[in-house]
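Asks: below: sequence and its predicted model.
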Amino acid sequence: MDPQAVGGLAREFFAGEGLKRTLSVALILVGGYLLVRLGLLATRRITKRKIRNRLGDVIEKLVKYGGGIIVLVNAANAAGFDLTAVLGAAGIAGIAIGFAAQTSVSNVISGLFLFSEKAFEVGDVIQVEAVTGTVESVDMFSVKIRTFDNRLVRVPNETMIKSNIVNATHWPTRRLDIALTLPYGVDPLAAERLLRSAAAATPLALAEPEPFFLVDQLGPNGISILFGVWFNKDDFAALKNAILPLILQNLEAAGMRPSAQVLAFAEGPAGAGGAAIPAKKAAISAGAAARSAAKTGAKTSAKLPEKSPKRARP
């Protein structure tokens, strides 16, 4: 190539709009990069002090990618590229993608609500519908729960935001409720003393708050009692395994064996195996037999002609 021609092009570039445009693009890219970096540093400092880790990660990604897109669009405009057609096509594509990704967008928005509510965090034991386990991760689209039998369950954020969430480890202490049914004739106050002594003999049971005792109701099977013991949230299984056998021992020693529901069977005609028929079934069978006999009698009486009384001869 002719050196004179190259020199002419260079002079035109540096003397015309080319140099200004190049400097503008370079300034926007460098300045935008520095601004995005400063925004990320400021965001990380704020989120570490005031916001939990998962929500902080989401905010950092929004600042990073959002700032990068703004910088690139401004640099393209400074370079003289007409982005109208590109933005129009992107808008149409965005609408199509939006219809196809409604569930994903809903999960992202639901995840932001979950982050803001702070109802649970990683490591908490929660119950969502029929799933109970430990929270392993909280992401933009779903919450992953590890069940106690070592299964991983993925629950979408949209489902989480619509469901009732029970957080069993949110507070440092919990109460273990023990329901008992004692037979009539047992003194409830004496049973309360035995239950409280069992709680006092269990090291994992807290003295404060003190145990809760309630005579719940008088039912058909006996006296229903509710006894509650407070404990630290990490001692649930150990406390239950320790206090329940001790309660049974104390009640057995005092002759207060908890009653159980008894199913009564009536002696009826033996079936094919020689077993007695339950009372309800026997009653049903007897009723059916009575109805059958009544129908048979009605049919028989309908077939027999009525006898007219004989007249006395004169």
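Replies: Yep, it's here.

Asks: just give me the longest helix of this protein.
Replies: helix 17-50 (DSSP state H).

Asks: wait, doesn't residue 63 sit right on residue 40?
Replies: Yes: counting by C-beta atoms under 8 Å, residue 63 touches residue 40, with 5.8 Å between them. (Each C-beta comes from the backbone N, C-alpha and C, glycine too.)

Asks: give the buried residues for the longest helix of the chain.
Replies: 24-25, 28, 32, 36, 40, 43, 47 (16 or more other C-beta atoms under 10 Å).

Asks: which other helices and strands contact the helix or strand just after that helix?
Replies: Using DSSP states H and E, the helix or strand that follows helix 17-50 in sequence is helix 53-78. Where contact means 3 or more C-beta pairs under 8 Å, 6 or more residues apart in numbering; DSSP states H and E, helix 53-78 is packed against helix 17-50, helix 102-117.

Asks: spell out the secondary structure type for residue 223.
Replies: Secondary structure, DSSP: H, G, I helix; E, B strand; the rest coil: residue 223 is strand.

Asks: which residues of the protein score low on pLDDT?
Replies: 1-19, 47, 49-58, 82-103, 260-314 (pLDDT under 70).

Asks: returning to what we had before: got CSV for the buried residues of helix 17-50, with distance to residue 188 too?
Replies: CSV is the format used below for the buried residues of helix 17-50 (distance: C-beta to C-beta, whole Å):
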residue, distance to residue 188
24, 87
25, 86
28, 81
32, 76
36, 70
40, 65
43, 61
47, 55
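
Asks: and this protein, what are its domain boundaries?
Replies: 13-100, 118-167, 173-253 (automatic domain parsing).

Asks: quick one: which of the buried residues of helix 17-50 is nearest residue 200?
Replies: residue 47 (46.7 Å; C-beta to C-beta).

Asks: so where do the helices sit in the stretch 201-314 of the chain?
Replies: Secondary structure of the stretch 201-314 of the chain (DSSP state H, counting those that start in this stretch): helices at 236-253, 279-303.

Asks: coming back round to it: ok, the buried residues of helix 17-50 vs residue 237, which is closest?
Replies: For the buried residues of helix 17-50, the nearest to residue 237 is residue 47 (35.6 Å; C-beta to C-beta).

Asks: need the contact list for residue 175.
Replies: 212, 228-231 (C-beta atoms under 8 Å, 6 or more residues apart in numbering).

Asks: give the buried residues for the helix or strand it falls within.
Replies: Element membership for residue 175 (DSSP H and E) is strand 173-182. By neighbour count on 16+ other C-beta under 10 Å, the buried set for strand 173-182 is 174, 176, 178, 180-182.

Asks: mind saving the C-alpha coords of that strand as PDB?
Replies: Taking C-alpha atoms only, strand 173-182 is exported to PDB below (Å, rounded to 0.1, in the frame of the first residue of the first chain):
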ATOM      1  CA  THR A 173     -35.900 -22.700  72.500                       C
ATOM      2  CA  ARG A 174     -38.800 -25.000  71.700                       C
ATOM      3  CA  ARG A 175     -41.500 -26.900  73.600                       C
ATOM      4  CA  LEU A 176     -42.000 -30.600  73.400                       C
ATOM      5  CA  ASP A 177     -45.800 -31.400  73.800                       C
ATOM      6  CA  ILE A 178     -46.600 -34.900  75.200                       C
ATOM      7  CA  ALA A 179     -50.300 -36.000  75.000                       C
ATOM      8  CA  LEU A 180     -51.400 -38.600  77.500                       C
ATOM      9  CA  THR A 181     -54.800 -40.300  78.200                       C
ATOM     10  CA  LEU A 182     -55.100 -41.600  81.800                       C
END
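
Asks: run the angle between that strand and helix 236-253 for me.
Replies: Strand 173-182 and helix 236-253 are oriented at 30 degrees to each other (axes from the mean of the first three to the mean of the last three C-alpha atoms, to 10 degrees).

Asks: partners of strand 173-182, with directions?
Replies: strand 222-232 (antiparallel) (DSSP bridges).

Asks: list of residues touching the partner strand?
Replies: 172-184, 186, 188, 191-192, 195, 199, 202, 204-206, 208-218, 239, 243, 247, 259.

Asks: ditto for stretch 190-204
Replies: 178, 180, 182, 205, 207, 211, 213, 225, 227, 229, 231-232, 235, 238-239, 242-243, 246-247, 250-251, 254, 256.

Asks: that older thread, any idea which helix or strand comes after the strand holding residue 175?
Replies: Trace forward from strand 173-182 with DSSP H and E and the next one is helix 188-200.

Asks: what comes up buried for that following helix?
Replies: 191-192, 194-196, 198-199.

Asks: and if you look at stretch 119-130?
Replies: 119-121, 124-126, 128.

Asks: residue 29 and residue 75 touch, don't they?
Replies: Yes: Residue 29 is within contact range of residue 75, at 5.4 Å (criterion: C-beta under 8 Å).

Asks: for residue 136, phi and psi?
Replies: phi -90, psi -40 (degrees, to the nearest 10).
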